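Q: what follows is a predicted structure for the sequence shown.
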Amino acid sequence: MNRSALKKYAPQARLDFIEAVTLRARRLGLDPALPVSVEQTGDVLLIAGQPFPASVAKQRSALAQRIQQQGFNVVVEALAYTWFNRLVAIRFMELKGYFSHGYRVLSHSEGQQPEILDHVQHLDLPGLDKAEVIRLKTAGNQDEALYREILLAQCHELHRNMPFLFEALDDATELLLPDNLLRTDSPIAHLVSDIDEADWQEVEVIGWLYQFYISDKKDEVIGKVVKSEDIPAATQLFTPNWIVQYLVQNSLGRLWLMANPGSSLKDKMPYYIEPAEQTPEVQAQLDALIKVRMDEDGGTLNPESLTVLDPACGSGHILVEAYNLLRAIYEERGYRLRDIPRLILQKNLYGLDIDDRAAQLAGFALLMKAREDDRRLFDEEGNPPHLNVMAIQQSAGLPDEEIARVILNAAIQIEGGDAFRSGQLFGGGQLETQHSSGLTMLDLRKLIQLFEHGKTFGSLISVPDELKPKLDKIVDLLATVCGEGDDLSRSYANQVLEQFAWPASLLALKYDAVVANPPYMGSKGMIPTLKEFARKNFPDAKSDLFAMFIERGFIWCKSAGFNSMVTMQSWMFLSSYEAMREKMLGGRTIYTMAHLGARAFSEISGEVVQTTAFTLQGKYLAGFKPVFFRLIEGAKLRKSRLW
């Protein structure tokens, strides 16, 4: 893979997409700094005298409202990023031959206009008016309008299996698909010409494009107090593949080998570290620990029960590597290859991030890995692949009381109007209404309020103990209202389900392996809200986000689970982390650690990022001998041992 070409392309692509989306937004009269006349006459919407279909009015209104709330530049940059992600996904899929119609959508193998334009008469895509398509094609001078319709229809078709990346038909974001898509200097033309087709063979290209796309933004905000919306750019860093393998193989892989000592998978894990020889007393503790985990599965470790969380998943590199290892585990147990992909996506892999676009790319990367193993993955009507990769959202400013009341009342009406009873007194002596499930408005409000600062605290949010046992009931209630409520209650229920209930469910689970390259940000870069959160919830790790993630990782781990991360090395040495080190050495177990120093991340020069990679266990095993590597001179991990 030519990373130099990707590094050259992506930052300029960000500017090009922002410019193209800005021009489109201004053409639609959406820039508040450049007000224009908007008038609807019959089936035509006139914007600054230019005609658009009247159907555009609703989408335009939604965008105008969003711009009023968030600001023009913020919305433009977000939607430029959205369209970049979508077109990158389409480019990857067309070169893999994953489209059912069999045509390239953005390019042509012989370098002409997009191949799909030559076959419009054969297309059967959602929302595509065949008669209109033929009319535009035969007109001879309407290729731009024709291509726009085809590209949007292709996005609508992809919504069926990738709704997280491609919104439903008539979503407002489609209005800001740039104009002049067939020009030789369009964002699509550069995407096709500036990156060699050979560089698209591995899904890893998605992660590198993501890192390089945000690199200029990272330079703008690094070293400053970082606003919540800039945290992703300030903290994202693509993890080299060998480090990812080291983390995954020495957590998930180690657990599998502990339960299956005769497994041949060890030969397929080049960065697995053979444990040191332990005393009989320590070995007995290890045997007892894995036995407890195996007993949960009936005496053997069931591949379908293994769970891996990346709480700061970025573009999904760690999850993709975990997928590879899980596939080998399933195959060793004799599962059919065609059944494995859906099982892994549904039962084994979990990812969270505060960056919506990164989570989109992580979900896409996993689906592409699964599609390699199951060509039927996207063909089952009504049965799209299940993903547990989500972006954490923020609830600040939402009318939580109104939302909770509308949802609960709708749920009561759906059950016949009498499926509730008066509950206990709360807040000022009011009598709380209670659904037959036992849920109250207060439960729904607490869930929503939990994510007040979701985009700032992210995966560090902890679900209160009193809310955890209610989450399954909340999900069921919301799903019922989504399916049977009126328009308002369905809208609210869907919002709470997707943005708060499902992420809270992931945050509340326990996992066999927590694997991450968590964000790093010192207290000097934190806004006051984040500083106070750190002081209250992570007093020993408050000096940096990465340290808080280390501590949070142990809370997610099952009793035999592993906390495997690559982080800044400062927690190993600085006095500000002394209490954290003492707690770790006295209450946790280090299995293996590779001190990497300043040269582990090839894309960063100098001494900016000095790192260490490790696999820890939450339970303390007295007398356990870890395996340490000192690699600060830049050498890759070797099968040698220092302790």
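A: On my side now, so go ahead. Note that the coordinates shown come from a computational prediction; the quantities given were computed from them, not determined experimentally.
Q: show me what the helix or strand hosting L46 is packed against.
A: For L46, the element it lies in under DSSP states H and E is strand 44-47. Using 3 or more CB pairs under 8 Å, 6 or more residues apart in numbering; DSSP states H and E as the contact criterion, the elements in contact with strand 44-47 are strand 38-41, strand 50-53, helix 56-70. Where C-beta positions appear, they are placed from N, C-alpha and C, glycine not excepted.
Q: ranking these by burial, who's on top?
A: Sort the helices and strands packed on strand 44-47 by mean neighbour count, taking mean count of other CB atoms under 10 Å, and helix 56-70 sits at the top with a mean of 15.
Q: that one packs against which elements?
A: strand 44-47, helix 72-96.
Q: quick check: next helix or strand after the longest strand belonging to the chain?
A: Longest among the strand segments of the chain by residue count, using DSSP state E, is strand 557-568. Towards the C-terminus, the helix or strand next in line after strand 557-568, according to DSSP H and E, is helix 578-587.
Q: domain-wise, how is the protein divided?
A: In the assignment given by automatic domain parsing, the structural domains of the chain cover 3-201, 235-391+510-630, 400-507.
Q: thinking again about what came up before, buried residues in the longest strand of the chain?
A: Buried residues in strand 557-568, counted by 16 or more other CB atoms under 10 Å: C557, K558, A560, G561, F562, N563, S564, M565, V566, T567, M568.
Q: mean confidence (pLDDT) on it, please.
A: When the per-residue pLDDT values of strand 557-568 are averaged, the result is 94.
Q: quick one: list the elements packing against it.
A: helix 241-249, helix 252-259, helix 280-296, strand 511-516, helix 545-556, strand 611-617.
Q: just the ones you listed: most buried one?
A: strand 511-516 (a mean of 27).
Q: what residues does it touch?
A: Strand 511-516 is contacted from outside by 247-248, 251-252, 255, 293, 306-313, 318, 322, 350, 549, 553, 556-558, 560-566, using CB atoms under 8 Å, 6 or more residues apart in numbering.
Q: name the next helix or strand downstream of that strand, please.
A: Beyond strand 511-516 on the C-terminal side, the first helix or strand identified by DSSP H and E is helix 528-537.
Q: let me see the mean pLDDT of that next one.
A: In this model, helix 528-537 carries a mean pLDDT of 96.
Q: residues in contact with it?
A: For helix 528-537, the external contacting residues (CB under 8 Å, 6+ apart) are H453, T456, F457, L460, S462, S523, M526, A541, K542, M548.
Q: just stretch 36-48 next, same as before
A: By CB under 8 Å, 6+ apart, stretch 36-48 touches R27, L28, G29, G49, P51, F52, P53, A54, V56, A57, R60.
Q: nearest to H122 among those?
A: Closest approach to H122 among those (CB to CB): P53, at 25.5 Å.
Q: what's near enough to touch that closest one?
A: Counting by CB under 8 Å, 6+ apart, P53 touches D43, V44, L45.
Q: can you do 7 Å?
A: Residues near P53 by CB atoms under 7 Å, 6 or more residues apart in numbering: D43, L45.
Q: chain neighbours aside, what residue packs nearest to V282?
A: G623 (4.9 Å; CB to CB, 6 or more residues apart in numbering).
Q: the one you found: what secondary structure?
A: At G623 the chain is in coil, as set by DSSP: H, G, I helix; E, B strand; the rest coil.
Q: against R375, how distant is it?
A: Using CB to CB, to the nearest Å, one gets 51 Å for the distance from G623 to R375.
Q: next: F52.
A: Counting by CB to CB - F52 and R375 are separated by 40 Å.
Q: just to revisit the earlier point, deepest-packed of the helices and strands packed on helix 56-70, please.
A: Comparing the helices and strands packed on helix 56-70 by mean neighbour count (mean count of other CB under 10 Å), helix 72-96 ranks first with a mean of 21.
Q: and the helix or strand that that helix is followed by, which residues are buried?
A: Scanning forward in sequence from helix 72-96 by DSSP H and E, the next helix or strand is helix 130-139. Of the residues in helix 130-139, those with enough neighbours to count as buried (16+ other CB under 10 Å) are V133, L136, K137.
Q: I'd like the contacts of stretch 36-48 as JSON lines, with distance to E466 and pLDDT appended.
A: Below are these laid out as JSON lines (distance: CB to CB, whole Å; pLDDT from 0 to 100):
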{"residue": "R27", "distance to E466": "52", "pLDDT": "95"}
{"residue": "L28", "distance to E466": "47", "pLDDT": "95"}
{"residue": "G29", "distance to E466": "49", "pLDDT": "95"}
{"residue": "G49", "distance to E466": "59", "pLDDT": "90"}
{"residue": "P51", "distance to E466": "57", "pLDDT": "92"}
{"residue": "F52", "distance to E466": "52", "pLDDT": "92"}
{"residue": "P53", "distance to E466": "51", "pLDDT": "89"}
{"residue": "A54", "distance to E466": "51", "pLDDT": "90"}
{"residue": "V56", "distance to E466": "47", "pLDDT": "90"}
{"residue": "A57", "distance to E466": "46", "pLDDT": "92"}
{"residue": "R60", "distance to E466": "44", "pLDDT": "93"}
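Q: what is the nearest of these to F573?
A: Taking CB to CB as the measure, F573 sits nearest to L28 out of the contacts of stretch 36-48, at 54.7 Å.
Q: you'd agree the closest one is up against R60?
A: Yes. Under the criterion of CB atoms under 7 Å, L28 makes contact with R60 at 5.8 Å.
Q: show me whatever sits in contact with both of those two.
A: Counting by CB under 7 Å, 6+ apart, the shared contacts of L28 and R60 are L175.
Q: sketch out the low-pLDDT regions of the chain for me.
A: By pLDDT under 70, the low-scoring segments of the chain are 169-170, 218-219, 221-224, 226, 230, 232-238, 382, 417-432, 599-608, 634-643.
Q: tell me which residue is most central in it.
A: If you average the C-alpha coordinates of the chain and look for the closest C-alpha using CA atoms, centre = their mean, you land on A359, 2.0 Å from that point.
Q: now it: closest residue in space that isn't a chain neighbour?
A: For A359, the spatially nearest residue (CB to CB, 6+ apart) is A391, at 3.9 Å.
Q: tell me the contacts of the one you found?
A: When contacts are counted by CB under 7 Å, 6+ apart, A391 is found next to D353, I354, D355, D356, A359.
Q: now, the residues you listed that are in helices?
A: Secondary structure defined by DSSP state H assigns D356, A359 of those to helices.
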